[in-house]
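S.K.: structure, please.
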Amino acid sequence: MASNRTLKSEAISEITAKEKELTGEKRPVAGGPTAQAQKHANEQVTANVISDITQGEKNVTGREGPVEGGPAAFAQSIASSKTNPVHEHTGRLDSQTISAITDAEKELTGQDDPVKGGPTAQAQSHAGEPINSKTLHDITEGEKKITGGQRVKGGPTATAQSELAKSRAA
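M.R.: Got it, this is the predicted structure:
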């Protein structure tokens with residue numbers, strides 16, 4: 001069960017999406033909850049991690065406590081979770097879709113961590129957004145970075161396209 005309580009890329013993507021909802025910005029804010037979460041990537045979600053994310057949230061909201069349903073609340077839910085929720089196909093770059101893109105990237109690179117500027121990074125920059133031609137283009141550009149300019153069958157872009165198709169069929 002402990003692995004479910006780790007701050008993985010899909011959780012950071014969800015924190016990013018929640019931060020964007022709070023700020024209305026297209027990108028995460030310096031010192032915000034995403035920045036705080038990234039400092040703890042692949043660590044267990046502990047009280048210290050939640051505290052840092054909460055501080056990042058305070059930095060962007062100016063509020064004393066965390067926002068209901070915001071980044072800090074999400075981090076708290078990771079710490080207390082026992083199971084992963086069932087994934088609904090939303091046609092958006094949600095945490096499950098970004099996780100699948102990360103898995104496809106790892107399969108291509110053989111590395112445990114995503115490549116800077118690669119498809120996962122591109123997808124995370126659009127966390128919470130609908131999958132469309134712009135997001136697919138950016139993911140493709142990230143994929144080309146790790147493949148030497150080629151798209152790969154079953155790769156990160158195909159993973160995002162598959163999620164979009166599943167959402168339309170649902």
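S.K.: pLDDT score for residue 68?
M.R.: At residue 68, the pLDDT value in this model is 86.
S.K.: go on, residue 129?
M.R.: pLDDT at residue 129 comes out at 93.
S.K.: residues near it, how many?
M.R.: By the criterion of other C-beta atoms under 10 Å, residue 129 has 16 neighbours. To be clear about C-beta, it is placed using only N, CA and C from the backbone, and glycine gets the same treatment.
S.K.: count of neighbours near residue 34?
M.R.: Residue 34: 26 surrounding residues under other C-beta under 10 Å.
S.K.: same deal with residue 28?
M.R.: When neighbours are counted by other C-beta under 10 Å, residue 28 comes out with 26.
S.K.: element containing it, please.
M.R.: Using DSSP states H and E, residue 28 sits in no helix or strand.
S.K.: who touches the residue of the chain positioned farthest from its centre in this structure?
M.R.: Distance to the chain centre peaks in the chain at residue 64, reaching 25.5 Å (criterion: C-alpha atoms, centre = their mean). Neighbouring residues of residue 64 by C-beta atoms under 8 Å, 6 or more residues apart in numbering: residue 58.
S.K.: ok so it is a strand residue?
M.R.: No: checked against DSSP: H, G, I helix; E, B strand; the rest coil, residue 64 lies outside a strand; its state is coil.
S.K.: what's the spacing between it and residue 110?
M.R.: Using C-beta to C-beta, to the nearest Å, one obtains 46 Å as the distance from residue 64 to residue 110.
S.K.: the closest residue to residue 169 other than its chain neighbours and residue 167: what is the separation?
M.R.: Using C-beta to C-beta, 6 or more residues apart in numbering and skipping the chain neighbours, the partner closest in space to residue 169 is residue 89 (7.8 Å). Using C-beta to C-beta, residue 89 is found at 4 Å from residue 167.
S.K.: helices or strands up against the helix or strand bottoming out on mean pLDDT in the chain?
M.R.: Here the helix or strand of the chain ranked lowest by mean pLDDT, DSSP states H and E is helix 71-80, holding a mean of 85. Contacts defined by 3 or more C-beta pairs under 8 Å, 6 or more residues apart in numbering; DSSP states H and E place helix 71-80 against helix 9-23, helix 33-38, helix 47-61.
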